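Trainee: here you go, sequence then predicted model.
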Amino acid sequence: MSTPTLIPAVEVQEDFRARAHKALDDTQLRNNFRSAMDSLMTKRATSFSDAHEREHLRGLGNAVRARALSKLPDLLEQLESNLTRNGVNVHWAETVDEANGIVLSIIRAHEARQVIKGKSMVSEEMEMNHFLEARDIECLESDMGEYIVQLDHEKPSHIIMPAIHKNAGQVASLFHDKLGVEYTKDVDQLIQIGRKVLRQKFFEADIGVSGVNFAVAETGTLLLVENEGNGRMSTTVPPVHIAVTGIEKVVENLRDVVPLLSLLTRSALGQPITTYVNMISGPRKPHELDGPQEVHLVLLDNGRSQAFADSELRQTLNCIRCGACMNHCPVYTRIGGHAYGEVYPGPIGKIITPHMVGLAKVPDHPSASSLCGACGEVCPVKIPIPALLRRLREENVKAPDSPYPVMRGQGSKYSPKERFIWNAWAWLNSSPRLYRLFGFLATRLRALTPRNVGPWTQNHSAPKPAARSLHDLAREHLDRQGDR
Amino acid sequence: MSAKENILAKLRKSLTGTTPVADNYNVELVTQTYRYAPEERIPQLRKLMEAVHTEIHLTSGENWPALLAQLLRDRQLPSLLIAPTTPHGQKITQFWANNPDLPALKAYDRPVEEWKAELFNDTPASLTGTLGAIAATGSLILWPTREEPRLMSLVPPVHFALLKASEIRDNFYEVQQEFEWAQGMPTNALLVSGPSKTADIEQVLAYGAHGPKDLVVLILEDQ
């Protein structure tokens, strides 16, 4: 009776599993990630040396984000009205196609040919580079990591450190092959090569594109953090600046960015602050001598309003994109960012991607986790990532006729057989007579349990019921004590 | 319906029957551990900024032009970009007038479009003022203006910044409150905490990514 099929078999889609296996077999990749993640974890721990301070600050960060989300529609309108007053053009897009269309129409209006991009994960969601290149518009990444990744026709493998999967030797070969420079593994020299190429591109670009870290409703300010200066270059040198961001990035007040900024840079890189904190509140004023003549902000939904609709899943939108969850994730560290096959990898990717692309497209995301809890523990805005993963596992197996539609692509792993078995299991455990009969049979017929139990026995010994049940032993123990 | 109307309608529907989360912002959490005695501010700022390769010199309102001239000569910089109408721009113009054979001064006095190539290719260093600094994070506060535009602190490979010791504040929160930032932000406000850097290749820290390779701060102790 202790039927092994009671344990639901995880049906990992072939391509995800294949990608994960490939990554696990790649020693170089694993070394690159292991050493990078170890170093990022140490840096974060050092910068939060006072646990008391850290926990209070996380509490404040969570409260600030929760407050912003609790008035999100009003704050978005306030943001738009203040930005408009400051001279910024605000656009709204429900889908990535709409967002790309808006960007393209701005580019076309200026007859622009060259776009230089600061780092922006939302533009990755939009696949903006690809979209613009298909329309014969050069769209070049200027963050060093993003530039390396783009040069090699890859996607970022980490949201903060896009090229973390490569070592210096691999970058050296790439630069040598693609840029025709002399092979050097010296990181300083490699960065200077990138600087030289990209300076010229900043100089020539017609349009600068950036993301946004925090959009302040109160003042109509777009705040960007970065270390390299490419964000400032992209938003200051070209005559037109287009910022693209998700609708969740808004905060109510300027003071709200104080704790979030501290949490962001310390969680991401272990730095007390980034080299540049760039606060943009408008285009060049008539008398000013530099800065873009036009500033645009594109606010993108792309599934965020779906996460927003459910008060538990809404917490996904607390995220400030620090990457600490991936740095601390035992799964991410072993398989790297590309294995996930989507824009956002790691724990945050597993809870946000289903809203963007539909759960049916990434049915393995919620289960690609050991639920160890590290991601939730380090999250600077206290997103209960493990709880949300469990919730998505439920959504994954929801019956197709469920009267509670929560998300696109829910129920793609629903199996009537599995549901029947679980119902039977529940019945068994809630009917005392039946349970006793089950216990009796399971202990007597234990010799009949199979030795091969699907995926379980790949790494574990097969489960076998004990000769006597715990109930039985406890009853005997109590009887012996005469305590009844 | 427009995208905006659709998005807002969805968000509003999701919030039906809910009340906004109360604003219980605890100021102590962002200020308490970041308060310094006046004599601690320079050492604190210095410690953090030097840790990220910023060069710091202590000088005075009287002596800084001479120190700057010396630093330019030491680095063999052929010219310096200044904001001619600012008080420090005027001071340096005056000092240069009295001391021949110093590196050439360039004035940022026309729209960038008129001299973009020169700014990018032939402007090795610049001098700007600051609005002050933040001891807690080791950051300079810059509010670029018409007189002292944005690109001055970004494009030239060496950036010299003047900082009055009396204008070093404790933390970012205090700065926002004291200067009432929420009442009116400039086109662009910046915190600058060192020269440009990156660790994008193998986590190895390299300076001079896209912005200045060197940041040199002259702290005027008597001001």
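Mentor: Alright, I've got the coordinates.
Trainee: any idea how far the residue of the stretch 351-484 of chain A at minimum distance from chain B lies from residue A:385?
Mentor: Proximity of the stretch 351-484 of chain A to chain B (CB to the nearest CB) peaks at residue A:406, 11.8 Å away. Placement of C-beta: from N, CA and C, glycine included. Distance, residue A:406 to residue A:385, by CB to CB, to the nearest Å: 18 Å.
Trainee: who has more neighbours, the two?
Mentor: More crowded of residue A:406 and residue A:385, by other CB atoms under 10 Å in any protein chain shown: residue A:385, with 27 against 19.
Trainee: thought the more buried one was touching residue A:378?
Mentor: No: the pair residue A:385 / residue A:378 is not scored as a contact, 9.6 Å apart, by CB atoms under 8 Å.
Trainee: what sits in contact with each of the two?
Mentor: Listed contacts common to residue A:385 and residue A:378 are residue A:325; contacts here mean CB atoms under 8 Å, 6 or more residues apart in numbering or on different chains.
Trainee: past the helix or strand where residue A:78 lies, which element shows up next along the chain?
Mentor: Assigned by DSSP states H and E, residue A:78 belongs to helix A:72-86. Next along the chain after helix A:72-86, taking DSSP H and E as the criterion, comes strand A:89-93.
Trainee: what strands flank that next one, and is each parallel or antiparallel?
Mentor: Within its sheet, strand A:89-93 is paired with strand A:294-300 (parallel), according to DSSP bridges.
Trainee: centre of the chain to the partner strand, how far?
Mentor: 22 Å (CA atoms, centre = their mean, to the nearest Å).
Trainee: now do stretch B:88-108
Mentor: From the chain centre to the centre of stretch B:88-108 is a distance of 22 Å (CA atoms, centre = their mean).
Trainee: isn't residue B:135 right next to residue B:47, touching?
Mentor: No: if you go by CB under 8 Å, residue B:135 and residue B:47 don't touch, sitting 9.4 Å apart.
Trainee: put the alpha carbons of the helix holding residue A:78 into CSV.
Mentor: Provided in CSV are the C-alpha atoms of helix A:72-86 (Å, rounded to 0.1, in the frame of the first residue of the first chain):
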residue,chain,number,x,y,z
LEU,A,72,0.8,52.3,-6.8
PRO,A,73,-1.8,53.7,-9.2
ASP,A,74,-1.9,57.1,-7.4
LEU,A,75,1.9,57.2,-7.2
LEU,A,76,2.2,56.4,-10.9
GLU,A,77,-0.1,59.3,-11.7
GLN,A,78,1.7,61.6,-9.4
LEU,A,79,5.0,60.6,-11.0
GLU,A,80,3.7,61.2,-14.4
SER,A,81,2.3,64.6,-13.5
ASN,A,82,5.5,65.7,-11.9
LEU,A,83,7.7,64.4,-14.7
THR,A,84,5.5,66.1,-17.2
ARG,A,85,5.7,69.3,-15.3
ASN,A,86,9.5,68.9,-15.4
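Trainee: and the helices in chain B, which stretches?
Mentor: Along chain B, counting by DSSP state H, helices occupy B:3-14, B:28-31, B:38-51, B:64-74, B:87-98, B:116-121, B:172-178.
Trainee: residue in chain A nearest to chain B?
Mentor: In chain A, no residue comes nearer to chain B than residue A:229, which is 2.6 Å away by CB to the nearest CB.
Trainee: what sits against that residue?
Mentor: Contacts of residue A:229 were listed using CB under 8 Å, 6+ apart, and they are A:275, A:276, B:154, B:196, B:209, B:210, B:211, B:212.
Trainee: measure residue B:44 to residue B:27 for me?
Mentor: Going from residue B:44 to residue B:27 by CB to CB gives 20 Å.
Trainee: and the residue of chain B nearest chain A?
Mentor: Closest point on chain B to chain A, by CB to the nearest CB, is residue B:211, at 2.6 Å.
Trainee: give me the number of residues near that residue?
Mentor: Counted with other CB under 10 Å, the neighbours of residue B:211 add up to 29.
Trainee: quick one: it and residue A:276 touch, right?
Mentor: Yes: between residue B:211 and residue A:276 there is a contact under CB under 8 Å: 7.2 Å.
Trainee: give me the neighbour count for residue B:34.
Mentor: Here the number of neighbours of residue B:34 (other CB under 10 Å) works out to 21.
Trainee: show me the contacts for it.
Mentor: Residues in contact with residue B:34, defined by CB under 8 Å, 6+ apart, are B:135, B:136, B:170, B:171.
Trainee: hang on, the residue of the stretch 351-484 of chain A closest to chain B packs against residue A:308?
Mentor: No: using CB under 8 Å, residue A:406 is not in contact with residue A:308, being 11.8 Å away.
Trainee: nearest residue to residue A:274 in space, please, no chain neighbours.
Mentor: residue A:225 (4.4 Å; CB to CB, 6 or more residues apart in numbering or on different chains).
Trainee: just the pLDDT for the one you found.
Mentor: Note for residue A:225: predicted pLDDT of 98.
Trainee: could you pull out the strands for chain B?
Mentor: Using DSSP state E, the strands found in chain B span residues B:55-59, B:79-82, B:104-107, B:125-128, B:132-134, B:139-142, B:158-164, B:168-169, B:188-192, B:197-198, B:206-207, B:214-220.
Trainee: what does the stretch 251-400 of chain A give?
Mentor: A:276-280, A:294-300 (DSSP state E, counting those that start in this stretch).
Trainee: okay, those strands in CSV with mean pLDDT and mean neighbour count next?
Mentor: Putting the strands of the stretch 251-400 of chain A into CSV (pLDDT from 0 to 100; neighbours: other CB atoms under 10 Å in any protein chain shown) gives the following:
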stretch, mean pLDDT, mean neighbour count
strand A:276-280, 98, 26
strand A:294-300, 98, 24
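Trainee: and the gap between residue B:146 and residue A:37?
Mentor: According to CB to CB, residue B:146 and residue A:37 sit 46 Å apart.
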